[in-house]
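Novice: Pasting a predicted model and its sequence here:
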Amino acid sequence: MSALTVITRAGEEQTVEGKCGVSVMEIIRSNGFGDLLALCSGSCSCATCHVYVGPEFYDALPAMREDENELLDASSHRTANSRLSCQIAFSDILDGLRVTIAPED
Ligand code: FES
């Protein structure tokens with residue numbers, strides 16, 4: 001089983017099963033984390049799936065597209081480890097990935 005650890009805004013940490021080919025956003029939502037709204041359902045137009053990725057995995061992530069970059073630029077909570085979780089397809093190389101749900105804008 002591949003593992004994805006999610007840290008909520010309240011600081012609670014839970015490890016769930018990571019499914020290859022499924023977006024990190026979908027994995028988080030399907031495991032009942034209400035903090036992550038994902039209002040556009042993954043079409044990269046809302047930024048309500050903003051997460052902070054553990055730095056040890058940042059370079060292993062799929063490259064950021066310009067539309068994702070622009071949406072993150074509009075967030076007042078962007079950091080060097082920010083990504084939109086709907087744009088990260090989980091894969092075996094991300095086994096052990098840790099993501100923290102970013103504060104709401
Ligand atoms: S779910 Fe809307 S940008 Fe990711």
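Specialist: Arrived safely, thanks for sending.
Novice: Let me know whether stretch 45-61 sits next to the ligand.
Specialist: Yes. Against the ligand, stretch 45-61 shows contacts by Cβ under 6 Å from any ligand atom at S45, C46, A47, T48, C49. Using the backbone N, CA and C atoms, a C-beta is placed for each residue, glycine as well.
Novice: And for stretch 16-32?
Specialist: Yes. Contact between stretch 16-32 and the ligand is present through M25 (criterion: Cβ under 6 Å from any ligand atom).
Novice: Spit out the contact partners of the residue nearest to H50 when sequence neighbours are not counted.
Specialist: In space, not counting the residues next to it along the chain, H50 is nearest to A102; the distance is 4.0 Å by Cβ to Cβ, 6 or more residues apart in numbering. Neighbour list for A102: H50, V51, Y52, S75, H77, S82 [criterion: Cβ atoms under 8 Å, 6 or more residues apart in numbering].
Novice: where do the helices sit along the chain?
Specialist: Along the chain, the stretches classed as helices by DSSP state H are 24-30, 66-73.
Novice: Can you pull out the low-pLDDT segments for this structure?
Specialist: Judged against pLDDT under 70, the chain has no low-scoring part.
Novice: quick one: the strands in it?
Specialist: Residue ranges of the strands in the chain, as given by DSSP state E, are 2-7, 13-18, 50-53, 82-84, 97-101.
Novice: Dump the third one to PDB, keeping only the CA atoms.
Specialist: Once side chains and other backbone atoms are set aside, the C-alpha atoms of strand 50-53 remain, and they are given as PDB (Å, rounded to 0.1, in the frame of the first residue of the first chain):
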ATOM      1  CA  HIS A  50      -4.100  24.400  -2.100                       C
ATOM      2  CA  VAL A  51      -1.700  22.200  -0.100                       C
ATOM      3  CA  TYR A  52       1.900  22.500   1.100                       C
ATOM      4  CA  VAL A  53       4.000  19.500   0.000                       C
END
